[in-house]
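# dropping the sequence and predicted coords here.
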There are 2 protein chains.
Amino acid sequence: MSVTAKQIVLASRPNGPVGRENFRLETKELGAPDVGEVLIKVTAMSLDPYMRGRMDDAKSYAKPVEVDGVMEGGTVGEVLESNADGIAPGDKVFGMTGWCDHAIMRAKDLRKLPDGVPETTALGVLGMPGFTGWYGLTEIGEPKEGETLVVAAATGPVGSMVGQYAKHKGLKVIGIAGGEEKCAHAVEKFGFDACLDHRGFSDAKDARAQIGAACPDGIDIYFENVAGKVLEGVLPNMNTFGRIPICGMIAFYDTGGTAESYDLPKFWRSMLVNRMRAQGFIISDHFDRFPAFLKDVAPLVANGTIKFTEDVAEGLENAPDAFMSMLKGGNFGKQIVRIS
Amino acid sequence: MSVTAKQIVLASRPNGPVGRENFRLETKELGAPDVGEVLIKVTAMSLDPYMRGRMDDAKSYAKPVEVDGVMEGGTVGEVLESNADGIAPGDKVFGMTGWCDHAIMRAKDLRKLPDGVPETTALGVLGMPGFTGWYGLTEIGEPKEGETLVVAAATGPVGSMVGQYAKHKGLKVIGIAGGEEKCAHAVEKFGFDACLDHRGFSDAKDARAQIGAACPDGIDIYFENVAGKVLEGVLPNMNTFGRIPICGMIAFYDTGGTAESYDLPKFWRSMLVNRMRAQGFIISDHFDRFPAFLKDVAPLVANGTIKFTEDVAEGLENAPDAFMSMLKGGNFGKQIVRIS
């Protein structure tokens, strides 16, 4: 079998906010898979904030995407042709194929999808985003019943996992999200105790006051995935012995992290005075814990304790627009691109 | 027995750097000790950076000293009169008597001094400063053989414990101190691999370059006790999975921590990219570990593996000058005030 694959490549590195000009749709002829390889038809692709970091050339925890290289990303799909043992046409798999509609992959780099849950859960609630939330909360946040947790991007796949798992463990959970509709969703569907609309924060001082009012007992865990004004509003409300798992900082991505001025001496002093712990983590360091995650969380998803919301864009060619919209908070739930 | 005690009280709160006008020498008549109390003649007093924090009214981990109240501090002394079981005249004790030459204390707030080591070790290497260094390094720093550690105030009682204990555990240790004489002392007496003179850092960029050159394999543990320019120079040299126990920040104390401008977004990003952990601690939360510290370290002091250096001022009335000098790095080793 030979197919013509569509791919989206990095046409140029962004200089400030990402634009359409940074992407290019290309085609590529794929031959037959070599020994140990399979040919995959991609059915759905994940869009995630980490991809923004891969577009820059800055020192980071992972190599940047090369200019003219295929944009990095995880997908689910179906095996069309197999030249590897233990995997056959029709098998449903997850793989880091990048932004494309067909790909040839080594079988050992693929993971078969579990039965009984929708295949797109492997991109979200039971995939890397859900695992990221679960790992950072349980291993770094060390949640204790009765404590208060704050997490932003509350309706996103990481934030909704963090909040729902924390509720499952008996914490009080305050979400932060963009817009009334998302806030209502966090409370009504995901069971958060409250959710604040960050569009209603007039400045960092106001963020501090609103967050403080929603957390009368202070904040024990701040799961950091946005930074920016939310971080400024959270820090003065942190309790003694507070923990901050640092998972991401979407507010800093498009600005290079230098647009606003923060006060490190003040922050540093508060780390000492409040005996706080802050710890950055990158989920790819911890894939050995993925089976433990699935064992713990898959039943909670299957029985409806942990819910998920997906935002689906149609067609590979619409991935760049969906990605740019997501970076601005335009998605509602886990951003997926369906590929027909 | 009735004695006239000399005490140094906080005359006023500093507005910027501490000055003599912030202190006042007073006398107080002490009566006989009540039941459970003892009368102590103080023989030596400790001066420590944390005392600077107690002079301010800012929210901190401990209550400030009241204006007109006796300056807080630990001392060693001899029991003159006892009205408590199990403690007798002539006993040598450590207690938080404050800056004074005689005090009445509850017996249960005192600790008897061990035999076989000089009594002033209870103020330094085997007292709170040594315990602080040992706890922060072992419990938060998690040192591993072959790693690189940086600690400033290298000849001080905390820094010299951190560096010597890290050497004892097989780490490479780079000290930072003020002046050539202290740097030589850190290497020759305390066995550091190298020690940089922070007076030779022309700016943060230069600090970064010099620290980087001294740590060709990067920094795995930065024991934070000074902040300021050293912190700025260290951060870009931190390794992946680096740890920063935050013990103090003397460079920020006298300025209120707002004189210089740091870049929190840049720092925060580096916490994530390098998966670093920063954790503040206050030694008074961990006194339950003090016996374990003494058991581990007292033999190392007795057999000379861990050495100590003291800087002795003479007379209670000279304590304010010695304290102000210490805040500027004028001491050479653990600052003691001998009280005759």
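Structure received. Source: prediction; values computed, not measured.
# nearest residue to the most centrally placed residue in chain A other than its sequence neighbours?
Centroid-nearest residue in chain A, with Cα atoms, centre = their mean: A:Pro129, separated by 4.3 Å. Nearest residue to A:Pro129, sequence neighbours excluded (Cβ to Cβ, 6 or more residues apart in numbering or on different chains): A:Pro157, at 3.5 Å. No exception for glycine: its C-beta is placed from N, CA and C like everyone else's.
# looking at chain A, which helix or strand does the model trust least?
helix A:250-253 (a mean of 61; mean pLDDT, DSSP states H and E).
# what's the helix or strand for A:Lys6?
strand A:3-10 (DSSP states H and E).
# list of residues touching that strand?
A:22-30, A:39, A:55, A:65-71, A:80, A:98-103, A:316-317, A:319-320 (Cβ atoms under 8 Å, 6 or more residues apart in numbering or on different chains).
# and the residue in the stretch 101-250 of chain A positioned nearest to chain B, what is it in contact with?
Per Cβ to the nearest Cβ, A:Ile246 is where the stretch 101-250 of chain A lies closest to chain B, at 4.9 Å. By Cβ under 8 Å, 6+ apart, the contact list for A:Ile246 reads A:224, A:278-281, B:268, B:271-272.
# just give me how far stretch A:73-85 sits from the chain centre.
Stretch A:73-85 has its C-alpha centroid displaced from the chain centroid by 23 Å (Cα atoms, centre = their mean, to the nearest Å).
# how about it: buried residues?
A:73-77, A:79-82, A:84 (16 or more other Cβ atoms under 10 Å in any protein chain shown).
# any idea which of those residues is closest to B:Phe94?
Taking Cβ to Cβ as the measure, B:Phe94 lies nearest A:Gly74 of those, at 60.0 Å.
# quick check: closest non-adjacent residue to that closest one.
Nearest to A:Gly74 is A:Ser46, by Cβ to Cβ, 6+ apart, at 4.8 Å.
# what's the neighbour count on the one you found?
Per other Cβ atoms under 10 Å in any protein chain shown, the neighbour tally for A:Ser46 reads 24.
# can you show me the helices along the stretch 51-200 of chain A?
A:128-135, A:157-168, A:180-188 (DSSP state H, counting those that start in this stretch).
# how about residues contacting the helix or strand hosting A:Gly212?
Using DSSP H and E, A:Gly212 maps to helix A:204-214. Around helix A:204-214, the neighbours that count as contacts under Cβ under 8 Å, 6+ apart are A:150, A:174, A:176, A:194, A:196, A:198, A:200-201, A:219, A:229-230, A:232-234, A:236-237.
# among these, name the ones in strands.
Mapping these onto strands (DSSP state E) picks out A:150, A:174, A:176, A:194, A:196, A:219.
# give the buried subset of those as a PyMOL selection command.
Filtering the ones in strands among the contacts of helix A:204-214 down to the buried ones (16+ other Cβ under 10 Å) takes a single PyMOL command:
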select buried, chain A and resi 150+174+176+196+219
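# can I get the ones in strands among the contacts of helix A:204-214 in a markdown table including pLDDT?
Below are the ones in strands among the contacts of helix A:204-214 laid out as a markdown table (pLDDT from 0 to 100):
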| residue | pLDDT |
| --- | --- |
| A:Val150 | 98 |
| A:Ile174 | 98 |
| A:Ile176 | 97 |
| A:Ala194 | 98 |
| A:Leu196 | 98 |
| A:Ile219 | 98 |
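# per-domain residue ranges of chain A.
A:3-124+A:309-338, A:128-283 (automatic domain parsing).
# just name the most buried of the ones you listed.
Greatest average neighbour count among the domains of chain A goes to domain A:128-283 (a mean of 21), per mean count of other Cβ atoms under 10 Å in any protein chain shown.
# where does the prediction get shaky in the stretch 201-340 of chain A?
Flagging of the stretch 201-340 of chain A using pLDDT under 70 yields the residue ranges A:250-263.
# and the nearest residue to A:Glu314 once chain neighbours are set aside, what does it touch?
With sequence-adjacent residues excluded and distances taken as Cβ to Cβ, 6+ apart, A:Glu314 is closest to A:Arg338, at 5.4 Å. Neighbour list for A:Arg338: A:43-44, A:312-315 [criterion: Cβ under 8 Å, 6+ apart].
# now, these that are in helices?
Nothing among these maps onto helices, per DSSP state H.
# which one of these is nearest B:Ala11?
A:Ala313 (69.0 Å).
# for the closest residue to that closest one other than its chain neighbours, give me its contacts.
Nearest residue to A:Ala313 in three dimensions, chain neighbours excluded: A:Ala322, at 3.9 Å (Cβ to Cβ, 6+ apart). A:Ala322 is in contact with A:47, A:313, A:331, A:335, A:337, counting by Cβ under 8 Å, 6+ apart.
# can I take it that A:Ala322 is in a helix?
Yes. Assignment of A:Ala322 by DSSP: H, G, I helix; E, B strand; the rest coil places it within a helix.
# distance of it relative to A:Ser46?
11 Å (Cβ to Cβ, to the nearest Å).
# so what sits against both of these two?
A:335, A:337.
# circling back to that earlier point, what sits against the residue lying closest to the residue of the stretch 101-250 of chain A closest to chain B once chain neighbours are set aside?
Excluding its sequence neighbours, the residue lying closest to A:Ile246 (Cβ to Cβ, 6+ apart) is A:Gly280, at 4.2 Å. Neighbouring residues of A:Gly280 by Cβ under 8 Å, 6+ apart: A:246, B:271-277.
# let me see the confidence value for the residue nearest to A:Asp57 when sequence neighbours are not counted.
Nearest residue to A:Asp57 in three dimensions, chain neighbours excluded: A:Pro64, at 5.3 Å (Cβ to Cβ, 6+ apart). We have a pLDDT of 93 for A:Pro64.
# got it, and A:Val35?
Confidence score, pLDDT, at A:Val35: 97.
# nearest residue to it other than its sequence neighbours?
With Cβ to Cβ, 6+ apart, the residue lying closest to A:Val35 is A:Asn83, at 5.6 Å.
# mind listing the strands for the stretch 51-200 of chain A?
A:75-82, A:92-95, A:102-106, A:111-112, A:148-152, A:172-177, A:194-197 (DSSP state E, counting those that start in this stretch).
# least confident of these, on average?
strand A:111-112 (a mean of 92).
# pull the CA atoms of stretch A:315-328 into CSV?
What follows is stretch A:315-328 as a C-alpha-only set of coordinates in CSV (Å, rounded to 0.1, in the frame of the first residue of the first chain):
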residue,chain,number,x,y,z
GLY,A,315,-10.0,18.6,9.5
LEU,A,316,-6.2,18.7,9.6
GLU,A,317,-6.1,22.0,7.7
ASN,A,318,-8.0,23.7,10.5
ALA,A,319,-5.5,22.6,13.2
PRO,A,320,-3.4,25.9,13.1
ASP,A,321,-6.5,28.1,13.7
ALA,A,322,-7.7,25.8,16.5
PHE,A,323,-4.3,25.8,18.0
MET,A,324,-4.0,29.6,17.9
SER,A,325,-7.5,29.9,19.4
MET,A,326,-6.6,27.5,22.2
LEU,A,327,-3.5,29.6,23.2
LYS,A,328,-5.9,32.4,23.7
